[in-house]
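Participant: Return atomic coordinates for the entry below.
(one chain, ligands or ions: 3)
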Amino acid sequence: MLTEHLTEAERQYYYMEQCHQWVKEQEEKLGRPLTASVITFGCQMNARDSEKLTGILEKIGYTMVDSEKADFVIYNTCTVRENANLRVYGRLGQMKQVKKKNPSMLIALCGCMMQEPEVVEKLKKSYRHVDLIFGTHNIFKFAELIYRRITENTMVIDIWKDTDQIVEDLPNDRKYPFKTGINIMFGCNNFCSYCIVPYVRGRERSRLPEDIIKEIENAVADGVVEIMLLGQNVNSYGKNLENPISFAELLRRICKIDGLLRVRFMTSHPKDLSDELIQVMSEEPKICSHLHLPLQSGSTRILTKMNRKYSKEDYLLLVDKLRKACPDISLTTDIIVGFPGETEEDFQETLDVVEKVGYDSAYTFIYSKRTGTPAAVMEDQVPEDVVKDRFNRLLDRVQTIAAKVCSRHENTVQDVLVEEVNSQDPSLVTGRMSNNTVVHFNGDESMIGKIVPVYLKSCKNFYYMGEAAADHK
Ligand code: SAH
Ligand code: SF4
Ligand code: F3S
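Facilitator: Numbers count the residues shown, from 1 in each chain. Ligands and ions are numbered 1, 2, ... in the order given. Purely as a prediction, here's the structure:
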C-alpha cells in the first residue's frame, strides 16, 4: 500500500494495522498475549503523552500491564532537573538483565531527555540493549517507528529538532475514565534562564480551538467530567493562531460544553495572566477554585536574572487581584532555591512572599544546572550546603503555612469528585475538592467519577478526613 496520499493520522493507522499483524503472529508463536508497559517521568504533559502512547500500543494489540518485565517497555523521560536523567539511566542499567531473560523484549525511550544530543550519544554507545529512541516532536510516529524496528531489526533512532506539525485524531487511552488532560498548546517561547524545556519541547504552537472543543466533547460523551487544559504557558494560548483567540475566550467556550463539570488548567505564567482571565475565573462556576502560579523566586533581582519578566511587587499585586475576584481561591506554586547568585537577602524575599501569599502547597526545587541554558554559565553558583540549608528552611515554612491554610474548610460541606477506592482502607474512597485538596471519606466503588457533597471533619495538614454529607447528622 502506498501511504503518500494519506493524511498523517491515516498513515499512522496503517502502521498500527501492520504492527497488529506482527503482534498476532508473535502471540501465536509464543502461545500467550504480548504485554506492554509505559513508564512516565516528568510533568502533566508527559503524562498526557503517555496516554497517547498507551492508546497506540493497545491499538497494535498489546495487553497493557504495570511491569517492567513486559514484552514492550517504553520510558517517557523528563530532563528538567539532573536527577530526572539519573533515574532513567539507573532503570535502563537494570533492564539489561531483564532483557537477557526475555531476548525478544523491546525497550523504547522517548520524551524530553531524548532531545539532548549528548544523551542519545551515550545511549548509542553504552546502552545497546535499547531498541527504539524518539523525541517529543514525532511522538505521533510511534506506530511507524515500531514497524521500522520490527522489520529492520536494528536500533531505530528518530529525533527531530523542532516541528510546526500538530497531528490530530490519533488513539489515546485515558488513565482515568472521568478525568483527563487536554493539550491546548505545545512548546514554550519564554526561555527562563534556568530552564531546558524550550530547547526540548520547541517553539510555542497552539491547537485550533475547534479541535480542542471537539476533543473535549468526545471525552465528555465518553464519561469525562473534569479536564485539565495543558500548556507550558496557557496564558499565551492562541496568540499566534491565524485567527488569534485569548485563553480567557477559549475557557468561556469550553465552559459551555454540556456535561463537563470541572475545568482546570496549568501552567500559568504570572507575566501573561490577564484581567480578562481573572474575570472569567470569577464568572464561570465550572472553573476550579485553584490556580498554580509559579513564583520561582521572591527576589526581583533574581527574577530578572531568571528572565521571568515580573517583579516581586507585580506578583503580589496579581495575587491581590485574584483574591479580590475569587476570594476562596487556592494558590499553589513552584519555587527554585539556589539559583546562581542568590544571597541570603534574596532568599528572605522568597520567604516573605511565601508568608504573604499563604500557598495551599508549594513545589520546592533545588536549582539544577542544565547544560545549554544561560544560567549554567553564570558565575556565583551557590555552594551545595548553603542551598540545602535554605531548601530545608523553605520547606519548613511552606509546610507549616500550608497546613494552616488547608484547614480553612474544616467543618464545612464541599463537593468532592471521587477518584478511587482508598488503597489502604477499602471502606473509604478518595477524591478531590474543586481546589484540588484530597479528601478521604466513607463510600464505595459506585461513587467513582461522581461529585459528592462531603462534610470535612478534620484536616490532616494537607488532606481531609470527611463523611458523606448525606450520612452526617
Ligand atoms: N512552564 C512551567 C514550568 C515547567 S517546569 C512554568 O513556567 O511555570 C516545572 C518547574 O520545574 C518550574 O516551575 C521550575 O520551578 C522547575 N525547574 C525548571 N527548571 C529547573 C532547574 N533547572 N532547576 C530546578 N528546578 C527547575
Ligand atoms: Fe521553562 Fe519558563 Fe517555559 Fe516554564 S515558562 S517551561 S519555566 S522556560
Ligand atoms: Fe520534564 Fe519535559 Fe515536562 S523536561 S517537566 S517532561 S516538559
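
Participant: what's around Asp66, how many residues?
Facilitator: Other residues lying near Asp66 total 9 when counted by other CB atoms under 10 Å. C-betas here are computed from N, CA, C, even on glycine.

Participant: and it, what pLDDT?
Facilitator: pLDDT, the model's per-residue confidence, is 95 for Asp66.

Participant: Identify the residue nearest it in space, chain neighbours excluded?
Facilitator: In space, Asp66 comes closest to Ser37 once its chain neighbours are excluded; the distance is 6.4 Å by CB to CB, 6 or more residues apart in numbering.

Participant: what about the one you found, which SS state?
Facilitator: The three-state assignment at Ser37 reads strand, by DSSP: H, G, I helix; E, B strand; the rest coil.

Participant: Kindly report the same for the one 10 residues further on.
Facilitator: Under the three-state scheme (three-state DSSP), the conformation of Ala47 reads as helix.

Participant: Surely it is in contact with Thr180?
Facilitator: No: when contacts are counted by CB atoms under 8 Å, Ala47 is not listed as touching Thr180 (9.9 Å).

Participant: which of these two has more neighbours?
Facilitator: Thr180 (23 against 18).

Participant: Whatever residue of the stretch 251-400 of the chain ends up closest to ligand 3: how many residues sit nearby?
Facilitator: Residue nearest to ligand 3 within the stretch 251-400 of the chain: Arg370 (9.3 Å; CB to the nearest ligand atom). For Arg370, the neighbour count with other CB under 10 Å is 22.

Participant: Next, the contact list for it, please.
Facilitator: The contact partners of Arg370, by CB atoms under 8 Å, 6 or more residues apart in numbering, come to Thr79, Val80, Arg81, Glu82, Tyr194, Cys195, Ile196, Ala376.

Participant: Mind doing that once more with 7 Å?
Facilitator: Tyr194, Ile196, Ala376 (CB atoms under 7 Å, 6 or more residues apart in numbering).

Participant: Give me the distance between it and Arg203.
Facilitator: As for Arg370, its distance to Arg203 is 18 Å (criterion: CB to CB, to the nearest Å).

Participant: And for Ser330?
Facilitator: Following CB to CB, the distance that separates Ser330 from Arg203 is 32 Å.

Participant: more neighbours, the two?
Facilitator: Ser330 (23 against 13).

Participant: That one and Gly358 touch, don't they?
Facilitator: No: under the contact definition of CB atoms under 7 Å, Ser330 does not touch Gly358, with a separation of 9.7 Å.

Participant: on that earlier part again, just among the contacts of Arg370, which is most surrounded?
Facilitator: For these, neighbours were counted by other CB under 10 Å; the highest total belongs to Tyr194, with 25 neighbours.

Participant: For the residue lying closest to Phe339 once chain neighbours are set aside, give me its contacts.
Facilitator: The shortest distance from Phe339 to any residue other than its chain neighbours is 5.0 Å, reached at Tyr367 (CB to CB, 6+ apart). Tyr367 is in contact with Tyr194, Ile336, Val337, Gly338, Phe339, Val387, counting by CB under 7 Å, 6+ apart.

Participant: I figured the third one hits Arg390, correct?
Facilitator: Yes: if you go by CB under 7 Å, Val337 and Arg390 touch, sitting 5.0 Å apart.

Participant: re earlier: go through the contacts of Tyr367 and flag which are in strands.
Facilitator: By the criterion of DSSP state E, membership of those in strands covers Ile336, Val337.

Participant: What is the nearest of the contacts of Tyr367 to ligand 2?
Facilitator: With CB to the nearest ligand atom as the yardstick, the closest approach to ligand 2 among the contacts of Tyr367 comes from Tyr194, at 7.5 Å.

Participant: List the contacts of that closest one.
Facilitator: When the contact criterion is CB under 7 Å, 6+ apart, the partners of Tyr194 are Met306, Ile336, Phe339, Tyr367, Arg370, Thr373, Ala375.

Participant: Would you mind measuring from it to ligand 3?
Facilitator: Summarising the geometry, the distance separating Tyr194 from ligand 3, computed by CB to the nearest ligand atom, to the nearest Å, is 12 Å.

Participant: Number of residues surrounding Thr136?
Facilitator: In terms of burial, Thr136 registers 26 neighbours under the definition other CB under 10 Å.

Participant: which residues does it contact?
Facilitator: Gly111, Cys112, Gln115, Val200, Arg201.

Participant: Report the two of these separated the most.
Facilitator: The most widely separated members of these are Gly111 and Arg201, with 9.9 Å between them, by CB to CB.

Participant: Those two: who's more crowded?
Facilitator: Between Gly111 and Arg201, counted using other CB under 10 Å, Gly111 has the larger neighbour count: 28 against 20.

Participant: How much space separates the more buried one from ligand 3?
Facilitator: Per CB to the nearest ligand atom, Gly111 is found 6 Å from ligand 3.

Participant: Per-residue pLDDT of the closest residue to ligand 3 within the chain, please?
Facilitator: Sorted by distance to ligand 3 under CB to the nearest ligand atom, the residues of the chain start with Gly42, at 2.7 Å. What the model reports as pLDDT for Gly42 is 95.

Participant: Next to ligand 3, which bits of the stretch 1-150 of the chain? Give me the list.
Facilitator: For the stretch 1-150 of the chain, the contact set with ligand 3 under CB under 6 Å from any ligand atom comprises Gly42, Cys43, Met45, Asn46, Cys78, Thr79, Val80, Cys112.

Participant: what number of residues lie near the third one?
Facilitator: The reference is to Met45. If you count neighbours by other CB under 10 Å, Met45 ends up with 23.

Participant: Show me what the nearest residue to it once chain neighbours are set aside is bridged to.
Facilitator: Beyond its immediate neighbours in the sequence, the residue positioned closest to Met45 (CB to CB, 6+ apart) is Leu230, lying 5.8 Å away. In this entry, Leu230 is beta-bridged to Asn183, Met266, by DSSP bridges.

Participant: what's near enough to touch Leu230?
Facilitator: Contact criterion CB under 7 Å, 6+ apart gives Gln44, Met45, Arg48, Gly181, Ile182, Asn183, Ile184, Met266 as the residues in contact with Leu230.

Participant: Surely the fifth one touches Glu215?
Facilitator: By that I understand Ile182. Yes: under the criterion of CB under 7 Å, Ile182 lies in contact with Glu215, with a separation of 6.0 Å.

Participant: Please name the nearest non-neighbouring residue to Leu303.
Facilitator: Computed as CB to CB, 6+ apart, the closest residue to Leu303 that is not its neighbour in sequence is Ser297, at 5.5 Å.
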